[in-house]
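Chemist: Build the 3D model from these lines:
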Amino acid sequence: MADTAFTLLDDQLVTFSVSETDDAGNPVTDLLSAPVWAETSGGAILAIAPSEDGSSAVVTAVGPLGDATVTYTATLASGTPVTGSVAITVAASAAAGVTLVPDAPSHK
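Modeler: Coordinates of the predicted model:
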């Protein structure tokens, strides 16, 4: 289950940033492993491009509408895994054009 939910239009991208905190809300900086970003659509709904240090990632709507979850995972020096996730719904953007499609002609 995702920690939060977010709506992204099919022509948008968004940057997610991460800051790890302890139970009291204090910053945690003792990551043992490089952070791993993942998304559940297999690239069909979202594309994800993590920064070099893993502290952020650009998430781009690929085009099709639907739902996917972006997950961030790292391991602290203590061996404790930390994860966070966001459920993203890709929704339709505003109409950019109109196409008129005629039916088959008929006799009057």
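Chemist: how about stretch 75-93: buried residues?
Modeler: By neighbour count on 16 or more other C-beta atoms under 10 Å, the buried set for stretch 75-93 is Thr75, Leu76, Val82, Gly84, Ser85, Val86, Ala87, Ile88, Val90. C-betas here are computed from N, CA, C, even on glycine.
Chemist: what's the closest of those to Gly97?
Modeler: Val90 (19.7 Å; C-beta to C-beta).
Chemist: Can you tell me the element Val98 falls in?
Modeler: Assessed by DSSP states H and E, Val98 sits outside every helix and strand.
Chemist: what's the distance between it and Gly25?
Modeler: With distances taken as C-beta to C-beta, to the nearest Å, Val98 is found 50 Å from Gly25.
Chemist: next one: Val18
Modeler: 15 Å.
Chemist: Check Ala77 too.
Modeler: Taken as C-beta to C-beta, the span from Ala77 to Gly25 is 19 Å.
Chemist: do the same with Ala92
Modeler: 37 Å.
Chemist: Please name the nearest non-neighbouring residue to Thr60.
Modeler: Nearest in space to Thr60, with sequence neighbours left out and distances taken as C-beta to C-beta, 6 or more residues apart in numbering, is Leu13 at 4.0 Å.
Chemist: Please apply the same query to Ser19.
Modeler: Going by C-beta to C-beta, 6+ apart, Ser19 has Pro27 as its nearest residue, at 6.4 Å.
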